[in-house]
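> sequence unknown, structure follows:
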């Protein structure tokens, strides 16, 4: 059974599913709406535009956590942190992409590179960033892993 088809492990406390058994995490019962409390409507509009860009590639789990909103297929591949009128986010990509849309790139492992961006206008969801959202979605499906 390859990593792409292995059954997901489920936390017995919070019910969240993970590609890795006993994945370290913080169990959370945070509601999505809490991330938008006190923020201008533009913050929510940008979130909805980002979500639509992700959903264009297929189904996604939206996981509100204490400090971020994570996006998961088999594994988490993107996250957003709400700010006043904009979003700070990151995409997990299998390779480094030195693009102007990314402010910082952190290498976590050979096939996991965290690409940090800020989304201030929905129009940014095109070109390099849109292409990288598609690639991150494939990482979330674990398509970047070789069959065992």
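Good, I have the coordinates. Please read these numbers as outputs of a predicted model, since none were measured by experiment.
> other SSEs contacting the helix or strand harbouring residue 47?
In this structure, residue 47 sits in helix 41-55 according to DSSP states H and E. Judged by 3 or more CB pairs under 8 Å, 6 or more residues apart in numbering; DSSP states H and E, helix 41-55 is in contact with strand 69-72, strand 76-82, strand 87-93, strand 112-119, helix 127-140. In short, each C-beta sits where N, CA and C put it, glycine included.
> try it again at 7 Å.
If contacts are counted by 3 or more CB pairs under 7 Å, 6 or more residues apart in numbering; DSSP states H and E, helix 41-55 sits against strand 76-82, strand 87-93, helix 127-140.
> would you mark the buried spots in it?
Buried residues in helix 41-55, counted by 16 or more other CB atoms under 10 Å: 43, 44, 46, 47, 49, 50, 51, 53, 54.
> which sections of this protein are below the confidence cut-off?
Along the chain, the parts satisfying pLDDT under 70 run over 1-6, 8-27, 146-148.
> now do 50
Within the chain, the segments meeting pLDDT under 50 span 1-2, 147-148.
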